[in-house]
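Peer 1: Structural data only, the sequence is not supplied:
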């Protein structure tokens with residue numbers, strides 16, 4: 001009898017793992033906009049009555065593998081009509097869906113953001129913003145700005161008004177990986193921070209990862225801003241654009257082959273400098289950029305994409321000083337569908353950042369920059385309704401040009417000089433999975449293995465005790481070390497190498513259908529360092545690779561959060577706490593000279609950084625009035641202790657607030673649709689002033705009063721805040737008219753707050769006393785622009 005029971009048990013287990021299991025089939029396809037065939041990213045595909053769901057990937061593809069049976073599938077996306085469709089799954093099905101914008105079917109456009117899956121997904125510390133939302137936000141000078149729009153998200157700040165870049169959870173702007181169609185953008189700003197390099201008309205989707213970063217991303221310590229350009233309308237030819245006080249833009253898109261291929265070309269430029277010339281002012285500052293993209297559907301399993309970006313800024317003072325800088329990218333991608341469940345993408349990517357100076361008054365030109373060549377192959381395998389696998393590899397070759405100096409005229413007396421170029425190679429391999437463990441638990445986990453090789457040809461300085469910085473015990477200061485020799489490395493010879501494992505993990509536990517708690521951990525490794533001593537990036541900043549003296553930054557971050565939806569997704573709240581620690585964050589000795597320094601290791605020390613905080617975001621997602629309130633309470637600190645007990649370190653080896661520390665950060669953004677003609681928007685920002693170091697005393701030297709300074713960043717600039725408003729007028733027009741237009745009226749800094757960009761100290765020539773001088777960039781700034789499409 002026991003033998004019979006054992007036999008029955010073994011037979012049952014074999015049947016469970018083999019033939020007894022339910023037969024499964026796959027439904028897959030792409031989801032696109034009905035009007036223009038533009039594929040949609042992040043569309044929710046939900047199987048009603050079950051816990052099964054998926055979302056479309058970066059190319060609009062989805063795949064769901066389910067047991068044989070009858071199902072009802074719901075397709076939902078922000079600002080689009082929801083599709084509910086019943087299917088019988090008794091074989092593999094290929095089914096594409098086309099979604100209609102809400103405004104096409106309703107008398108009024110009422111934004112409704114479908115967010116029901118946000119509590120189920122293990123994804124956390126991630127913010128996605130639609131272009132429709134961004135375009136409703138009032139901004140300075142009437143120009144829609146993607147970078148400034150993300151500053152209203154919790155945990156995101158910048159160095160101040162009119163500053164470039166952005167900071168995430170207390171990290172530096174150089175710790176953000178900014179991608180445009182997978183290509184790296186090294187400087188995300190035009191006109192030193194007044195505008196971003198992203199033309200909003202050409203952008204389809206953006207997502208900011210602040211933590212819980214998937215294993216397919218690497219190379220930066222703080223965040224990833226992933227931006228995708230539009231593919232172009234494959235149904236009909238259209239144009240749209242806008243005319244503003246400072247800049248204008250124009251976009252053209254249309255089919256190459258109807259329903260198979262399309263193109264998009266978008267240009268933008270500023271022209272404020274032309275008004276200066278009318279007043280005989282020889283100074284000028286302007287920018288221009290160009291976005292392009294071609295895509296072609298070869299067949300049902302293959303798609304090709306070619307996209308590019310080119311942008312330049314030109315700043316000139318009386319024709320004696322001209323500064324030119326900008327990004328260039330080119331990306332060729334091949335999507336291939338091996339099966340209904342296996343999707344792949346192969347990319348060949350080129351990125352370039354150029355910085356040039358023409359100093360005519362001294363007679364020389366300066367060129368510098370960084371180029372990279374990237375090949376990456378990514379796969380996504382939709383194994384079943386419970387497990388999705390991601391895996392792939394990429395390799396990046398870097399070409400750094402610290403500076404080329406050449407005479408601009410024959411009588412300049414300047415000799416040609418090439419600062420030694422640097423080269424590096426960064427390969428990486430990754431694998432990850434999204435897994436539904438139970439009805440209440442979903443997890444995402446992965447591992448990235450990154451390597452970095454600093455390559456020749458190059459000449460490396462040799463120092464006593466391998467220390468490029470020495471410490472004077474008598475004066476208690478750090479000084480440059482004198483090389484005792486040099487070592488030459490031939491082309492592609494390895495100078496230094498590193499390798500790191502980067503684990504990623506996140507989990508979501510559903511408390512009920514509308515509430516969940518989540519936790520995440522990720523390690524990120526950054527092998528490139530930005531050499532700068534300013535709080536925000538400037539065009540002159542130089543990127544340099546890790547080597548024997550500059551170690552890669554290693555960031556570990558943990559986060560814990562609570563997510564909830566209320567009243568049928570009309571409201572949502574997100575609460576997250578985080579702690580991040582970064583090893584090998586570089587700091588500079590006092591008096592460090594960074595420009596044209598061929599031995600940058602002589603002014604750098606490796607330190608550490610940490611940041612921690614609490615983020616809260618409350619959103620209203622539906623109705624005529626919607627928006628969000630975000631608040632962040634955080635601290636960001638840096639420390640560079642002495643290498644030996646005798647050394648003082650930087651700031652006496654104590655923790656001090658980093659330049660990116662903002663204790664309090666409150667942001668409110670809202671929009672209200674009054675009727676078909678009028679739409680109103682408002683933004684409010686209130687945050688702690690940037691950390692600075694004020695004088696704490698003074699002494700007299702040869703009759704001159706000189707201020708003395710205490711420890712780093714003990715003080716703050718005054719509280720920073722401003723209120724912005726906008727009104728959009730859409731004139732009533734016939735549906736039959738091809739030309740449609742709207743007027744956008746905006747006021748930046750409505751109550752004319754004079755926010756301090758900096759406070760400097762000087763001696764008053766009349767009284768002889770030291771005095772503080774506040775510099776403010778903006779007062780109240782009204783603007784008007786006209787947008788059109790046809």
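Peer 2: Looks like it arrived, so ask away. A quick note: this is a predicted structure, and the numbers were derived from the prediction, not measured.
Peer 1: What mean pLDDT does the helix or strand hosting residue 391 get?
Peer 2: Per DSSP states H and E, residue 391 falls inside strand 387-407. Averaging pLDDT along strand 387-407 gives 93.
Peer 1: And for stretch 744-763?
Peer 2: 87.
Peer 1: what do you get for stretch 309-320?
Peer 2: For stretch 309-320, mean pLDDT rounds to 87.
Peer 1: likewise stretch 470-485?
Peer 2: 91.
Peer 1: Low-confidence ranges, the stretch 551-700 of the chain, go.
Peer 2: Across the stretch 551-700 of the chain, nothing is flagged by pLDDT under 70.
Peer 1: actually the chain, not the one I wrote
Peer 2: In the chain, residues with pLDDT under 70: 1-22, 103-117, 139-142, 162, 275-281, 534-540, 733-736, 768.
Peer 1: Next, work out how far apart residue 23 and residue 261 are.
Peer 2: Look at residue 23 and residue 261: by CB to CB, to the nearest Å, they are 38 Å apart. Heads up, the C-betas are built off the backbone N, CA and C, glycines and all.
Peer 1: buried residues in the helix or strand containing residue 637?
Peer 2: Following DSSP H and E, one finds residue 637 within strand 625-639. Buried residues in strand 625-639, defined by neighbour count with 16 or more other CB atoms under 10 Å: 626-634, 636-639.
Peer 1: Give me the sheet partners of it and which way each runs.
Peer 2: Strand 625-639 pairs in its sheet with strand 604-620 (antiparallel), strand 656-657 (antiparallel), strand 664-673 (antiparallel), by DSSP bridges.
Peer 1: Could I get the full set of helices for this protein?
Peer 2: Secondary structure of the chain (DSSP state H): helices at 2-17, 102-105, 131-135, 146-150, 272-278.
Peer 1: what packs against the fourth one?
Peer 2: The reference is to helix 146-150. Helix 146-150 makes packing contacts with strand 126-129, helix 131-135, strand 195-196, strand 203-209 when contacts are defined by 3 or more CB pairs under 8 Å, 6 or more residues apart in numbering; DSSP states H and E.
Peer 1: Could you say which of those is packed most deeply?
Peer 2: With neighbours defined as mean count of other CB atoms under 10 Å, the helices and strands packed on helix 146-150 peak in mean count at strand 195-196, which reaches a mean of 26.
Peer 1: what sits up against it?
Peer 2: Residues from elsewhere that reach strand 195-196 (CB atoms under 8 Å, 6 or more residues apart in numbering): 141, 143, 145-148, 188-190, 247, 270, 287.
Peer 1: Recalculate using a threshold of 10 Å.
Peer 2: For strand 195-196, contacts defined as CB atoms under 10 Å, 6 or more residues apart in numbering pick out 139-141, 143-150, 164-166, 178, 185, 188-190, 246-247, 268, 270, 287, 289, 313.
Peer 1: Then stretch 759-779?
Peer 2: Stretch 759-779 is contacted from outside by 140-141, 160-163, 193-194, 689-690, 692, 694-695, 698, 703-707, 709, 715, 717-718, 722, 748-749, 751-758, using CB under 10 Å, 6+ apart.
Peer 1: And the buried ones among those residues, selectable in PyMOL?
Peer 2: To isolate the buried ones among the contacts of stretch 759-779 in PyMOL, judged by 16+ other CB under 10 Å, type:
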select buried, resi 140+141+160+161+162+163+193+194+689+690+692+715+717+722+748+749+753+755+756+757
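Peer 1: Restricted to strands, list the contacts of stretch 759-779.
Peer 2: Residues of the contacts of stretch 759-779 located in strands (DSSP state E): 692, 695, 698, 704-707, 709, 715, 722, 748, 758.
Peer 1: Report the two of these separated the most.
Peer 2: By the measure CB to CB, 704 and 748 form the most distant pair in these, at 40.8 Å.
Peer 1: surely residue 432 meets residue 218?
Peer 2: No - using CB atoms under 10 Å as the test, residue 432 is too far from residue 218 to be in contact (11.8 Å).
Peer 1: got any residues that touch both of the two?
Peer 2: Shared contacts of residue 432 and residue 218 (CB under 10 Å, 6+ apart): 448, 504.
Peer 1: Point to the residue nearest the middle of this protein.
Peer 2: For the chain, the residue nearest the mean C-alpha position is residue 225 (2.4 Å; CA atoms, centre = their mean).
Peer 1: just the strands in the stretch 501-650 of the chain please.
Peer 2: Assigned by DSSP state E, counting those that start in this stretch, the strands in the stretch 501-650 of the chain fall at 515-526, 528-531, 542-545, 553-566, 571-588, 604-620, 625-639.
Peer 1: ok, the fourth one: who's next to it in the sheet?
Peer 2: Right, the one you point to is strand 553-566. Partners of strand 553-566 in its sheet, by DSSP bridges: strand 515-526 (antiparallel), strand 571-588 (antiparallel).
Peer 1: What are the buried residues along that strand?
Peer 2: 553-559, 561-565.
Peer 1: what do you get for the first one?
Peer 2: Neighbour counts using 16+ other CB under 10 Å place 516-526 of strand 515-526 among the buried residues.
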